[in-house]
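**Student:** fold the following.
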Amino acid sequence: MSDTRRRVKVYTLNEERQWDDRGTGHVSSTFVERLKGTSLLVRAESDGSLLLESKISPNTAYQKQQDTLIVWSEADNYDLALSFQEKAGCDEIWEKICQVQGKDPALDITQDPIDESEEDRLEEIADLVTSVLSSPIRREKLALALMSEAYIKKLLGLFRVCEDLDNREGLHHLYEIIRGVLFLNKAALFEVMFSDDSIMDVVGCLEYDPAMVQPKRHREFLTKTAKFKEVIPITDSELRQKIHQTYRVQYIQDIILPTPSVFEDNFLSTLTSFIFFNKVEIVSMLQDDEKFLTEVFAQLTDEATEDSKRRELVNFVKEFCAFSQTLQPQNRDAFFKTLANLGILPALEIVMGMDDLQVRAAATDIFSYLVEFSPSMVREFVMQEPQQTDDDVLLINVVIKQMICDSDPELGGAVQLMGLLRTLIDPENMLASTNKTEKTEFLSFFYKYCMHVLTAPLLANTAHEKNSKGKIVEMEWIYFKLLADEIKPTSPL
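**Tutor:** Numbers count the residues shown, from 1 in each chain. Coordinates of the predicted model:
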């Protein structure tokens, strides 16, 4: 073994937490008299110079990653890594390290980061975790040591013991520990902490903020008040688990964790990314389940569906569209095309005309996502409607009526709908080709089928003698004036 040489690259971690390449050579493990112990030696393949001489210490935490990488820390601010060309070479050196330390080579880490983490050591552990946050390199070292899943679970086991004993001091230390581990900003740690069997204990630890007189009741809220409702039964257990996890992690970020200071803000970037990629995965999994989505739209438009159920369905579609904003443009295009093929626009035509204010508000938000995504897709749909429906129930006319009849004193919904209408009739974002001119066709459609609905309130008011002095209802006048700004310069001819 001592004569075996394997090709490796030597890396050291710099102050910016980037790995610097120190050269390529061949590694061996041999007894070095001067160091009085078995050591790792790397000699440069170019000239045979010594790139690395490192004694295998019985107390150093070595970690094997990705089958071809061994990482460890030798001293404060000095982290090392060997990247092997071949897995066999990595395994051979790893076995030698484990042999020296008396550890099982089947494990990927040779030391527990903190041995015997019993209740009486929680204060020491909390101080350690808190103290490393100001040093990028020390954070890296602690995160590396904590990568052992068993250690995180050991801490959470201590949480359950402390809670059973009502050990408030220990619980306060665990709050500091878990909060600090979150601020280590490591996805591998999040995977362990946010797993099904760990996340509620993590939430439990975060209930015991030492600054609060009484613990918060976050677990009670998550398990009783905010129970996830399946608008349509989800048969995919992985999808259901991902939805539960994402909601709980979002709750941790938005509600439980204190607003980060400028110093702490960067510590949560990986947590934000964790939530982001979870949402991407949820959208992709739902999009692939056409049976599920088909049932959603079928119940959404079914007259027999109860109002409460319809409200849940339309809110689900709204959240689904909101999640889609996390997708890359190409994937987002495919997502909205899937919704279009499933009948999202005919469904909106129905629900936007309903009396339920919550349903109408959610439907308006969905409509805004569609208009933002592709005004042309919406125009194409509405231009096909006169062939199969009356003018009064055309989607554009439903939108106009909702805008005119907005009961909100602040006109929030009306202004939102007005902006969407202006986007749809804006000639600047209409397509033109040799075979088809969208501008001409859509504006002709709008003047023929929709303009009389838009102007009806204005004309009705001016027709009465009591309004002959021009006392027009303010809301109607504002809408007409702003829309006229868009329509006036254009011509369908």
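**Student:** pull the contacting residues for the closest residue to Ile178 other than its chain neighbours.
**Tutor:** The shortest distance from Ile178 to any residue other than its chain neighbours is 4.1 Å, reached at Cys205 (CB to CB, 6 or more residues apart in numbering). C-betas here are computed from N, CA, C, even on glycine. Contact criterion CB atoms under 8 Å, 6 or more residues apart in numbering gives Leu156, Phe159, Leu171, Leu174, Tyr175, Ile177, Ile178 as the residues in contact with Cys205.
**Student:** mind redoing it with 7 Å?
**Tutor:** Contacts for Cys205 (CB atoms under 7 Å, 6 or more residues apart in numbering) come out as Phe159, Leu174, Tyr175, Ile178.
**Student:** same check on Met285?
**Tutor:** Shown in contact with Met285 (CB under 7 Å, 6+ apart): Asp236, Leu239.
**Student:** then the one 4 residues further on?
**Tutor:** Contacts were defined as CB under 7 Å, 6+ apart; by that measure Asp289 touches Asp236.
**Student:** grab the most central residue of the protein for me.
**Tutor:** The geometric centre of the chain, computed from its C-alpha atoms, lies nearest to Phe276 (CA atoms, centre = their mean), at 1.9 Å.
**Student:** what sits against that residue?
**Tutor:** For Phe276, the contact set (CB under 7 Å, 6+ apart) comprises Thr326.
**Student:** buried residues in stretch 95-109?
**Tutor:** Neighbour-count burial for stretch 95-109, counted by 16 or more other CB atoms under 10 Å, picks out Lys96, Ile97, Cys98, Val100, Gln101, Lys103, Ile109.
**Student:** which ones are touching Gly102?
**Tutor:** If you count contacts by CB under 7 Å, 6+ apart, then Gly102 has nothing around it.
**Student:** and of the buried residues of stretch 95-109, the nearest to Glu230?
**Tutor:** Taking CB to CB as the measure, Ile109 is the one of the buried residues of stretch 95-109 closest to Glu230, at 39.4 Å.
**Student:** using a markdown table, lay out the buried residues of stretch 95-109 together with secondary structure.
**Tutor:** A markdown table is the format used below for those (DSSP: H, G, I helix; E, B strand; the rest coil):
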| residue | secondary structure |
| --- | --- |
| Lys96 | helix |
| Ile97 | helix |
| Cys98 | helix |
| Val100 | helix |
| Gln101 | helix |
| Lys103 | coil |
| Ile109 | strand |
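**Student:** where does confidence bottom out across those residues?
**Tutor:** Between these, the one the model trusts least by pLDDT is Ile109, at 61.
**Student:** which residues are contacting whichever helix or strand Lys9 is part of?
**Tutor:** Using DSSP states H and E, Lys9 sits within strand 6-13. Applying CB under 7 Å, 6+ apart, the contact partners of strand 6-13 are 19-27, 42, 51-52, 79-86, 89, 92-93, 137, 140.
**Student:** tell me the strands beside it, with direction?
**Tutor:** Strand 6-13 has the following sheet partners, assigned by DSSP bridges: strand 19-32 (antiparallel), strand 78-84 (antiparallel).
**Student:** comparing the ones you listed, which comes out most buried?
**Tutor:** Looking across the strands paired with strand 6-13 with neighbours counted as mean count of other CB atoms under 10 Å, the highest average goes to strand 78-84: a mean of 19.
**Student:** skip the chain neighbours and tell me the closest residue to Ile56.
**Tutor:** Nearest residue to Ile56 in three dimensions, chain neighbours excluded: Val100, at 4.5 Å (CB to CB, 6+ apart).
**Student:** for the one you found, give its distance to Arg34.
**Tutor:** The span separating Val100 from Arg34 equals 17 Å under the rule CB to CB, to the nearest Å.
**Student:** again with Asp21
**Tutor:** When CB to CB is the yardstick, Asp21 and Arg34 sit 27 Å from each other.
**Student:** what do you get for Thr12?
**Tutor:** According to CB to CB, Thr12 stands 22 Å off from Arg34.
**Student:** look at those two and report which has more neighbours.
**Tutor:** Neighbour comparison, Thr12 and Arg34: the larger count goes to Thr12, with 15 against 8 (by other CB atoms under 10 Å).
**Student:** so what's the more buried one bridging to?
**Tutor:** In this structure, Thr12 has the following beta-bridge partners (DSSP bridges): Asp20, Leu80.
**Student:** retrieve the pLDDT associated with it.
**Tutor:** Here, the pLDDT recorded for Thr12 equals 85.
**Student:** how about the one 3 residues further on?
**Tutor:** Per-residue confidence (pLDDT) for Glu15: 72.
**Student:** same question for Val398.
**Tutor:** For Val398, the model assigns a pLDDT of 87.
**Student:** roughly how far is stretch 204-212 from the heart of the chain?
**Tutor:** Computed by CA atoms, centre = their mean, to the nearest Å, the separation of stretch 204-212 from the middle of its chain amounts to 25 Å.
**Student:** picking up where we left off before, mind picking the two most distant members of the contacts of Cys205?
**Tutor:** For the contacts of Cys205, the maximum inter-member distance is 9.5 Å, found between Phe159 and Tyr175 (CB to CB).
**Student:** neighbours around Asn278, how many?
**Tutor:** By other CB under 10 Å, the residues close to Asn278 number 20.
**Student:** name the element it belongs to?
**Tutor:** For Asn278, the host element (DSSP H and E) is helix 269-288.
**Student:** what helices and strands are in contact with the next helix or strand after that helix?
**Tutor:** As assigned by DSSP H and E, the chain's next helix or strand after helix 269-288 is helix 290-301. Using 3 or more CB pairs under 7 Å, 6 or more residues apart in numbering; DSSP states H and E as the contact test, the elements touching helix 290-301 are helix 307-324, helix 329-342, helix 344-351.
**Student:** out of those, which is closest to Ser444?
**Tutor:** Of all the helices and strands packed on helix 290-301, it is helix 344-351 that lies closest to Ser444, at 20.3 Å by CB to CB.
**Student:** sorry, back to before: got TSV for the buried residues of stretch 95-109, with distance to Ser368 too?
**Tutor:** Supplementary listing: these in TSV, determined by distance: CB to CB, whole Å:
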residue	distance to Ser368
Lys96	62
Ile97	58
Cys98	59
Val100	64
Gln101	61
Lys103	58
Ile109	50
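**Student:** for these, which one is nearest Phe228?
**Tutor:** Distances from these to Phe228 were compared by CB to CB; the smallest belongs to Ile109, at 35.3 Å.
**Student:** ok, the buried residues of stretch 95-109 vs Tyr151, which is closest?
**Tutor:** Tyr151 has its nearest neighbour among those in Ile109, at 9.0 Å by CB to CB.
**Student:** quickly list the domain ranges of the chain.
**Tutor:** Per automatic domain parsing, the structural domains of the chain span 6-101, 119-265, 388-493.
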